[in-house]
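Novice: Kindly return the folded structure for what I paste below:
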Amino acid sequence: MPLDRFQSLKQYLDSQVIGQPELTENLLIALIADGHLLVEGPPGLAKTRAINALSKGIEGNFHRVQFTPDLLPADLTGTDIYRAETGQFHFEAGPLFHNLVLADEINRAPAKVQSALLEAMAEGQITVGKKSYKLPDLFLVMATQNPLENEGTYPLPEAQLDRFLLHLNLDYPDAQTEAQILALSRNEALHGEAPQVTPISQVDIENAREQALTLYLAPSLEQYIVQLVMATRQPSVYCDELAQWLEFGVSPRATIAIERCARARAWLMQRDFVSPEDIQAVTANALRHRLLRSYHAEAEGVDNDTIIQRILSLVAVP
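Specialist: Okay, here's the model as predicted:
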């Protein structure tokens, strides 16, 4: 059964990425919900290690791209290369043709590179010259941002942020977890890292996606998702303070993201229905990057997480 294999994969990821259960869980949610992941956190929190471990747990290939200011769109998409022996141009595929792509420090690349990635994430294809090329059916981008250093960065436009299914914020581990990381690092240095999981086939991943979409979602919970989204667009209906904090609400992609991720979480929890807890658990990560705060909220030091928690407290749970 696909579910048993995903449970084994989750255990493997947790054994390889110590102290980041939210990251490993949301990697699997993004995989099942067929979306992309934006991860923000200080360096050294196993972001690269996490998606590398995921690539070993599924039947697919993986490529890491370090985004820099001098990166070109062709460095992602590939380009046409002239072959003298044939007298013709031949397309050489770039890193985006892998199943899993790590876009490391995505905000360090200029807008033209980000636009090439935007087409890949939104359309599942890339365009070189006058020709478009389809990307693999299994295609997941995990992008990272470093919140500690903003010099020489290019903030992601709202249209691209909206293409990310989820946005995670990571923080440093506690002392006990740090000791476990030390032990794992020492053990790998002595014995090396041995494969510990049977890779999940792409067929099983497709089956998991279909099963998640067939879970029962009560009409009242469907309306609950809609009302959470509407609270970002019509905040004055709920609270005057909320209306002062929000400049713009979220797009319909947020509604779809909450529903898809809630279904994926319920499926991973081995349930055949979606609960209010599933919706509440994924809402913050689905809305965090889509909300636009007002100047009033920024002046008061109110962040997006505070706004989302206020929305969750104001919208009635069916």
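Novice: And the residue nearest the centre of this structure?
Specialist: For the chain, the residue nearest the mean C-alpha position is residue 37 (1.1 Å; C-alpha atoms, centre = their mean).
Novice: quick one: that residue and residue 166 touch, right?
Specialist: Yes. Using C-beta atoms under 8 Å, residue 37 is in contact with residue 166, at 5.4 Å. Quick note: C-beta positions are derived from backbone N, CA and C, even for glycine.
Novice: any common contacting residues for the two?
Specialist: 26, 30 (C-beta atoms under 8 Å, 6 or more residues apart in numbering).
Novice: Strands along the protein, start to end?
Specialist: 37-40, 62-66, 78-83, 88-93, 100-104, 125-128, 131-134, 140-145, 166-169, 246-248, 292-293 (DSSP state E).
Novice: Reformat these into a markdown table and put mean pLDDT and distance to residue 198 next to each item.
Specialist: Formatted as a markdown table, the strands of the chain follow (pLDDT from 0 to 100; distance: least, C-beta to C-beta, whole Å):
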| stretch | mean pLDDT | distance to residue 198 |
| --- | --- | --- |
| strand 37-40 | 93 | 24 |
| strand 62-66 | 92 | 17 |
| strand 78-83 | 86 | 32 |
| strand 88-93 | 86 | 28 |
| strand 100-104 | 93 | 18 |
| strand 125-128 | 87 | 31 |
| strand 131-134 | 89 | 29 |
| strand 140-145 | 92 | 20 |
| strand 166-169 | 94 | 26 |
| strand 246-248 | 90 | 46 |
| strand 292-293 | 90 | 44 |
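Novice: In terms of residue numbering, what are the domains of this protein?
Specialist: 2-171, 215-314 (automatic domain parsing).
Novice: end to end, how far does the shortest one reach?
Specialist: One end of domain 215-314 sits 27 Å from the other (C-alpha to C-alpha, to the nearest Å).
Novice: and it, how far from the chain's centre?
Specialist: Here domain 215-314 is found 16 Å from its chain centre; the criterion is C-alpha atoms, centre = their mean, to the nearest Å.
Novice: So in the protein, where's the weakest helix or strand by average pLDDT?
Specialist: Ranked by mean pLDDT, DSSP states H and E, the helix or strand of the chain with the weakest confidence is helix 158-161, at a mean of 83.
Novice: which residues touch it?
Specialist: Contacts for helix 158-161 (C-beta under 8 Å, 6+ apart): 38, 114, 117-118, 121, 167, 289-290, 292.
Novice: buried sites along that helix?
Specialist: For helix 158-161, the neighbour count (16 or more other C-beta atoms under 10 Å) marks residue 160 as buried.
Novice: next one: stretch 266-281
Specialist: Here stretch 266-281 shows 266-268, 274-275, 278-281 as buried, counting by 16+ other C-beta under 10 Å.
Novice: same deal with stretch 116-129?
Specialist: Those would be 116-121, 126, 128, for stretch 116-129 by 16+ other C-beta under 10 Å.
Novice: just stretch 166-186 next, same as before
Specialist: Neighbour-count burial for stretch 166-186 flags 166-170, 173 (criterion: 16+ other C-beta under 10 Å).
Novice: Good, we can wrap up now.
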